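Trainee: Sequence and predicted structure are below.
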Amino acid sequence: MSKSEWTVGREVAREVAGNLRLSQGRSLLALIGIVIGTAAVITMLHLGHNAREAALRQFEILGTDQVMMQPVSGNSDKPHVPLNTVVKIPEQNIGIDAVAAVVQYGTSIRFGRSQIQAIILAATDKIYTIGKVHLWQGRLTSDLDAANSFAVIGAGIASEMTASSGRPVRIGDKINVGSRVLTIIGILGDATISPILGIDFNRTIVLPFAAARRLLPSPNISNVAALLSPGADDTQTAKAVTEYFSRHMSGGMMHVRTARQLIENIDRQMGIYAALILGIGAVSLVVGGVGIMNVMLMNVMERRQEIGLRLALGARRGHIRLMFLCEALILAIAGSAGGTFLGYLTGWVFASGSGWRFEPAPLTLPVAVGMALVVGLFFGIYPAVCAARLDPAIALRGE
Amino acid sequence: MDILNVIRVFKQYHEEGRILRVLKDVSLSVGHGEFCALTGVSGSGKTTLMNLIGLLDRPSDGKILINGTDTSVLNANATSEIRSKTIGFVFQSFHLLPHYTALDNVALPLVYAGVGKRQRRRRAERLLFEVGLADRMHHHPGELSGGQCQRVAIARALVGKPSLLLADEPTGNLDSRAAGDVMSMLLRLNSALGLSVIIVTHDLAIAGKCSRRIVMRDGTVCNDESCEYRDMKSL
Ligand SMILES: Nc1ncnc2c1ncn2[C@@H]1O[C@H](COP(=O)(O)OP(=O)(O)OP(=O)(O)O)[C@@H](O)[C@H]1O
Ligand SMILES: [Mg+2]
């Protein structure tokens, strides 16, 4: 294309941009499709991005060295994991530094006259190290406490007890679990829920492992929490742990969950999510695009005389094509801009509703611009070609 | 060299299997600065001939030369260029864009000549001034009378500095006074700019003011007379 042709093309495009009347009700209606489509895609992008970021942020706080082992039953047997098997894991040199056997169940406790929902967690010493919780008051339970009914309570439980009794919880206070009485020996600081361990220490009452016997008739190890050795390969460790337990437990096998698996899961979900977004995007592209094509075709039919006139005044067919393509593009861009704005808004609303920190997904702008261009070009080209094909003699004659 | 040579032009349309011969062997030449009236009964092929001359359509046979250039061998872009640079159109129904101001309507052809916006406006202003509508510059066609609209259309036809003006019944929608105004304006432009004009009209008074009258009947030119004498009193 020569320079002067380019100049004419530019002037044609400018002239369109300067005279477009978006205020036409019909154009606005056509935009609804692409606005909603773009908004849906942008919202989904933000949701996915922010959900992932929120999940990964927990790993940032708690690190990626936690491991959770969970016995799963084989056939109809109940899996049984002997305690000494668990305790001996670090000696196996398979990449595990610390383990804590856990007996876990939810119940309601009584403090004074109030009932409080809590998780009872009878665990060996290392649970505090592995869970990365810190003590706020008193002391932690120890294996030396044997089966003594000592309890360390989570920050959430403590504040609930304070609220219901009207005075701060003190070390030495008693709580009732069923017919048993526990003595509070420590209070934990505020803790982050670990996505790997899945334990909310804020809502938990920790007992010495042996004390489980006092609360449950036949306590069975429900989980084993562990920490990876520094530099250990988590995949290999997981395999070795499963293999180790297959030799030492009965009635099932050990399922091992590591940070890497969780992150891989998240990424796999994101993949599904991306496919979903792609689907929604494709459908809304078509819906929005058909709307624009429809309006553009109506415009072309209505403006036959104008097209004939412009041809008579010296426009090339290419200029007419360019003119209608520009109009379609402007429509598409306007719709997509509106949709992007709406998508940001809903993404932000969802994020703040879920307590996530809102962070714009990096792909939104290219996606929005891309959608607008694809819709505008793909669905605008046919009306534009129709317009450029009009016979000026007939178009100018017809009233 | 003539501005226009129509050489043995035929035009036929195919309609429902029938062939409709609209122009049959039309030949004529128009020199620079000539002012021609094209008359004839309705359906005699005047508009068809004007469309061929204006390169909006192509003859079935024969040649049309604009400024000596054989247009039958030109491609669509080249004919667009001739329309843009050499030919101006005025229509019976004005064909002004209703959402554009008079100024923007007049400036429109310059878009396709690649003239920048500021320059377009300057030239359009000057032409609107010349047709006596400087004070109506920013009005929309809906706010103008028929005669004013046609003057805007004439300004638009002239803004690209054409050498051939094609006007198909430019006074057809106007009362006799507005028609007289438009006609005297065309005559003035013709003598001032040396513009060649072909004007289709049914109005004998209008045709009478033209130095040359071409009469068509049934697709042929049946009469073509020039009179050097122009009745100045009737202007
Ligand atoms: N595109 C077309 N297809 C078929 N027939 C056409 C077409 N254009 C014109 N005609 C026919 O050609 C003939 C001449 O039409 P044209 O418009 O040239 O007449 P005219 O002399 O301008 O008439 P008027 O004075 O009423 O404007 C008419 O019979 C018309 O029906
Ligand atoms: Mg006609």
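Mentor: Here it is on my side, so go on. Ligands and ions are numbered 1, 2, ... in the order given.

Trainee: can you tell me the helix or strand for the closest residue to chain A within chain B?
Mentor: Going by CB to the nearest CB, chain A is nearest to B:Ser84 of chain B, at 2.7 Å. Where you see a C-beta, it was placed from the backbone N, CA and C, and this is true even at glycine. Per DSSP states H and E, B:Ser84 falls inside helix B:76-86.

Trainee: residues in chain B within reach of ligand 1, list them.
Mentor: Residues of chain B lying close to ligand 1 by CB under 6 Å from any ligand atom are B:Tyr13, B:Glu15, B:Leu20, B:Val22, B:Gly40, B:Ser42, B:Gly43, B:Ser44, B:Gly45, B:Lys46, B:Thr47, B:Thr48.

Trainee: Moving along the chain from the helix or strand A:Tyr273 falls within, name the first helix or strand you hit.
Mentor: Element membership for A:Tyr273, per DSSP H and E: helix A:259-302. Using DSSP H and E, the helix or strand that follows helix A:259-302 towards the C-terminus is helix A:304-312.

Trainee: can you list contacts of that following helix?
Mentor: A:300, A:317, A:319-320, A:323, A:387, A:390-396, A:398, B:54, B:56, B:80, B:83, B:89, B:91, B:95, B:97, B:108, B:112 (CB atoms under 8 Å, 6 or more residues apart in numbering or on different chains).

Trainee: Show me which residues of the following helix or strand past it are buried.
Mentor: The first helix or strand that comes after helix A:304-312 along the chain, using DSSP H and E, is helix A:317-353. By neighbour count with 16 or more other CB atoms under 10 Å in any protein chain shown, helix A:317-353 contains the buried residues A:317-340, A:342-344, A:346-348, A:350-351.

Trainee: coming back round to it: is any part of the helix holding A:Tyr273 close to chain B?
Mentor: No - in terms of CB under 8 Å from any CB of the partner chain, no part of helix A:259-302 sits within range of chain B; the closest distance is 11.7 Å.

Trainee: Which of the three states applies to A:Val102?
Mentor: Secondary structure state of A:Val102, per DSSP: H, G, I helix; E, B strand; the rest coil, is strand.

Trainee: does it really touch A:Asp125, like I thought?
Mentor: No - if you go by CB atoms under 8 Å, A:Val102 and A:Asp125 don't touch, sitting 11.7 Å apart.

Trainee: Looking at those two, which is more packed in?
Mentor: Taking other CB atoms under 10 Å in any protein chain shown, A:Val102 and A:Asp125 do not tie; A:Val102 has more neighbours (26 against 17).

Trainee: coming back round to it: could you report the neighbour count for the residue of chain B closest to chain A?
Mentor: 22.

Trainee: Then B:Cys149?
Mentor: Count around B:Cys149 with other CB under 10 Å applied: 24.

Trainee: picking up where we left off before, tell me which of the contacts of helix A:304-312 fall in strands.
Mentor: Using DSSP state E, the subset of these located in strands is B:Phe89.

Trainee: Select only the buried ones of the contacts of helix A:304-312 in ChimeraX?
Mentor: The following ChimeraX line selects those of those that are buried, judged by 16+ other CB under 10 Å:
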select /A:300,317,319,320,323,387,390,392,393,395,396 /B:54,56,80,83,89,91,95,97,108,112
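
Trainee: where in the stretch 1-150 of chain A is pLDDT low?
Mentor: For the stretch 1-150 of chain A, the stretches flagged by pLDDT under 70 are A:1-3, A:21-24, A:76.

Trainee: How about the residues of it by chain B?
Mentor: Going by CB under 8 Å from any CB, the residues of the stretch 1-150 of chain A near chain B are A:Ser4, A:Glu5, A:Thr7, A:Val8, A:Glu11, A:Val12, A:Arg14, A:Glu15, A:Gly18, A:Asn19, A:Arg21.

Trainee: Turn those into a markdown table, including distance to B:Glu34, secondary structure and neighbour count.
Mentor: Shown next, in a markdown table, are these (distance: CB to CB, whole Å; DSSP: H, G, I helix; E, B strand; the rest coil; neighbours: other CB atoms under 10 Å in any protein chain shown):
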| residue | distance to B:Glu34 | secondary structure | neighbour count |
| --- | --- | --- | --- |
| A:Ser4 | 32 | helix | 10 |
| A:Glu5 | 33 | helix | 14 |
| A:Thr7 | 34 | helix | 14 |
| A:Val8 | 31 | helix | 23 |
| A:Glu11 | 33 | helix | 20 |
| A:Val12 | 34 | helix | 23 |
| A:Arg14 | 38 | helix | 14 |
| A:Glu15 | 34 | helix | 22 |
| A:Gly18 | 39 | helix | 9 |
| A:Asn19 | 37 | helix | 13 |
| A:Arg21 | 42 | coil | 7 |
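
Trainee: With respect to ligand 1, which of those residues is nearest?
Mentor: Nearest to ligand 1 out of the residues of the stretch 1-150 of chain A next to chain B is A:Val12 (CB to the nearest ligand atom; 27.5 Å).

Trainee: excluding its backbone neighbours, what's nearest that closest one?
Mentor: With CB to CB, 6 or more residues apart in numbering or on different chains as the criterion, A:Val12 has its nearest non-adjacent residue at 4.9 Å, and that residue is A:His319.

Trainee: contacting residues around the one you found?
Mentor: Contacts for A:His319 (CB under 8 Å, 6+ apart) come out as A:Val8, A:Gly9, A:Val12, A:Arg310, B:Tyr112.

Trainee: so where does the residue nearest to the spatial centre of chain A fall, helix or strand?
Mentor: With distances taken as CA atoms, centre = their mean, A:Ala51 lies nearest the centre of chain A, 2.1 Å away. In this assignment (DSSP H and E), A:Ala51 forms part of helix A:25-62.

Trainee: for chain A, what are the nearby residues on chain B?
Mentor: B:47, B:51, B:54, B:56-57, B:76-77, B:80-81, B:83-85, B:89, B:91, B:93, B:95, B:97, B:99-100, B:104, B:108-109, B:111-117, B:156, B:160.

Trainee: So the spatially closest residue to B:Leu204 that is not a sequence neighbour versus A:Ala155, what's the distance?
Mentor: Nearest in space to B:Leu204, with sequence neighbours left out and distances taken as CB to CB, 6+ apart, is B:Thr39 at 7.9 Å. Remark: distance between B:Thr39 and A:Ala155 (CB to CB, to the nearest Å) = 102 Å.

Trainee: Would you mind measuring the gap between the ends of stretch B:151-169?
Mentor: The straight-line separation of the ends of stretch B:151-169 (CA to CA, to the nearest Å) is 14 Å.

Trainee: how far is that stretch from where the chain is centred?
Mentor: Centroid separation for stretch B:151-169 versus its chain: 6 Å, with CA atoms, centre = their mean, to the nearest Å.

Trainee: now do stretch A:47-57
Mentor: 4 Å.

Trainee: Which of the residues in that stretch are classified as buried?
Mentor: A:Leu47, A:Gly48, A:His49, A:Asn50, A:Ala51, A:Arg52, A:Glu53, A:Ala55.
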